[in-house]
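# with the input below, show me the fold.
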Amino acid sequence: MFSQRLSQVSLTGTTGISYFSILTDQGVLIRITPDGSIIDWGTEQMSYSGNYYAPKLQPFMGRVEYWGKEADSAYQGKVKSIGTCSITYFSHYEKNVQAGKLRTVGSLMMDYYDNFENVAYRGKLRFLGTLMLQYYPSLEDELVRGRLKAVGDVPVKYYSSVEDMYLKGKIKSIGSTVLEYYYALDRAEYRGMLKSPYSRPNIAGVTYILQ
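Here you go, the predicted structure:
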């Protein structure tokens, strides 16, 4: 039996997480923010010219329902279901850090870092199902604090503020996959750019989209 699962993590080069994508039983990707809001849903379209996917998802043509006025005030008007995938949220009487945020996407349950947690990741997703998400705390280098540290047992590492000026803050490695960039000794127009084919590495069943 198919159950929803984390399919993608989108990471920007120097600022952090853009979104997590959850794959439903109908093959629909639901993109959510690190603090538990839905931002888009649909399917990816691959370019005919190579391993390139359009940033914007193709619209899902199936049924989409929304919570109405009968719903809790914290999630009135929010998406209730996408195709066969039902979606629930934490109610207004839950902890402030949770109220109105995604609670379940299909069978996938979510939890968040509480108000007493480190300020760098307070309110962010802690669990997607059984998969734990970790972030760098506020005492870390300013270029990494609050950024994704690990997805389950897959660590994410970054270049520090004392590295090559074209590399500092960029993603150094995801798990055992080391990313390569053009740096100071390369042609000026390439410096700091990610070398292919590492823009979408698949690690432990999750695709990391690097921007």
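
# list the contacts for residue 146?
16, 120, 121, 135, 136, 138 (CB atoms under 8 Å, 6 or more residues apart in numbering). Backbone N, C-alpha and C define where each C-beta goes, glycine included.

# repeat the analysis, applying 7 Å as the threshold.
Applying CB atoms under 7 Å, 6 or more residues apart in numbering to residue 146 gives the contacts 16, 120, 121, 135, 136.

# so which of those residues is the most crowded?
Greatest neighbour count in the contacts of residue 146, by other CB atoms under 10 Å, goes to residue 135: 26 neighbours.

# circling back: mind putting the contacts of residue 146 in a markdown table, secondary structure and distance to residue 27 included?
Output for the contacts of residue 146, formatted as a markdown table (DSSP: H, G, I helix; E, B strand; the rest coil; distance: CB to CB, whole Å):
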| residue | secondary structure | distance to residue 27 |
| --- | --- | --- |
| 16 | strand | 27 |
| 120 | coil | 35 |
| 121 | coil | 31 |
| 135 | strand | 29 |
| 136 | coil | 33 |
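
# now those residues in CSV, with distance to residue 95 and pLDDT?
Shown next, in CSV, are the contacts of residue 146 (distance: CB to CB, whole Å; pLDDT from 0 to 100):
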residue, distance to residue 95, pLDDT
16, 24, 73
120, 19, 94
121, 15, 94
135, 19, 96
136, 23, 95
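
# as a markdown table, those residues with distance to residue 46 would be great.
Shown next, in a markdown table, are those (distance: CB to CB, whole Å):
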| residue | distance to residue 46 |
| --- | --- |
| 16 | 26 |
| 120 | 36 |
| 121 | 33 |
| 135 | 31 |
| 136 | 33 |
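
# ok, of the residues you listed, which one's closest to residue 91?
Using CB to CB, residue 121 comes nearest to residue 91 of the contacts of residue 146, at 23.1 Å.

# still on that earlier bit, closest to residue 72 among the contacts of residue 146?
Distances from residue 72 to those, taken by CB to CB, are shortest for residue 121, at 25.9 Å.

# ok, and the closest non-adjacent residue to that closest one?
Counting by CB to CB, 6 or more residues apart in numbering, residue 135 is the residue found nearest to residue 121 once chain neighbours are left out, at 3.7 Å.

# quick one, what contacts that neighbour?
Taking CB under 7 Å, 6+ apart as the test, what residue 135 contacts is 120, 121, 124, 146, 147, 148, 149.

# at 6 Å what do you get?
121, 146, 149 (CB atoms under 6 Å, 6 or more residues apart in numbering).

# what do you get for residue 193?
Residue 193 neighbours (CB under 6 Å, 6+ apart): residue 182.

# that one and residue 157: what is the separation?
19 Å (CB to CB, to the nearest Å).

# re earlier: which one of the contacts of residue 146 is nearest to residue 26?
residue 16 (29.5 Å).

# just checking, that closest one touches residue 147?
Yes - Residue 16 is in contact with residue 147 according to CB atoms under 6 Å; the separation is 4.5 Å.

# name the residue most distant from the centre of this structure?
residue 185 (32.5 Å; CA atoms, centre = their mean).
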